[in-house]
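Asker: make a model of this:
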Amino acid sequence: QVQLVESGGGLVQAGGSLRLSCAASGRTFSNHAMGWFRQAPGKEREFVAGIGWLGGTTSYADSVKGRFTISRDNAKNTVYLQMNSLKPEDTAVYYCARRRLIRTSPTPRLEEYDYWGQGTQVTVSS
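Answerer: Now for the predicted structure:
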């Protein structure tokens with residue numbers, strides 16, 4: 001069984017930064033692309049960023065390009081999301097997820113991910 005545990009959320013002022021972490025259990029972490037998603041109150045869950053299984057391929061939603069950076073450390077079974085220049089509209093619960101297929105690039109399609117963390121709240125005040 002795979003478990004994903006997010007951490008690093010919190011309250012920050014607009015323009016500030018946060019770094020989210022997602023620690024994964026299991027020995028196959030390095031074979032899977034990983035993604036970060038977010039869900040604001042009353043809105044659907046949306047793709048934020050993704051990283052391929054080797055870490056060489058990344059993908060971002062247009063709304064976060066140039067501000068967020070996704071990375072991974074396969075030795076630590078951890079994926080990160082560095083968030084800079086935060087805006088109030090970035091307020092949401094952030095989730096990490098594992099793509100079902102092995103050895104692939106990231107995808108923004110939620111249905112392609114099979115394991116999800118419990119989420120971590122990010123609140124950006126204006």
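
Asker: if I look at residue 32, how far off is residue 100?
Answerer: 8 Å (CB to CB, to the nearest Å). To be clear about C-beta, it is placed using only N, CA and C from the backbone, and glycine gets the same treatment.

Asker: more neighbours: these two, which one.
Answerer: Using other CB atoms under 10 Å as the criterion, residue 32 and residue 100 rank with residue 32 on top: 25 against 14.

Asker: specify the beta-bridge partners of that one.
Answerer: residue 102 (DSSP bridges).

Asker: pick out the residue nearest the middle of the chain.
Answerer: Taking CA atoms, centre = their mean, the centroid of the chain lies closest to residue 36, which sits 2.1 Å from it.

Asker: which residues does that one contact?
Answerer: By CB atoms under 8 Å, 6 or more residues apart in numbering, residue 36 lies in contact with 20, 22, 47-50, 70, 79, 81, 94-97.

Asker: out of those residues, which is nearest to residue 1?
Answerer: When the contacts of residue 36 are compared for distance to residue 1 (CB to CB), residue 97 wins out at 15.1 Å.

Asker: neighbours around that closest one, how many?
Answerer: When neighbours are counted by other CB under 10 Å, residue 97 comes out with 24.

Asker: which residue comes closest to it once chain neighbours are left out?
Answerer: Using CB to CB, 6 or more residues apart in numbering and skipping the chain neighbours, the partner closest in space to residue 97 is residue 113 (3.8 Å).
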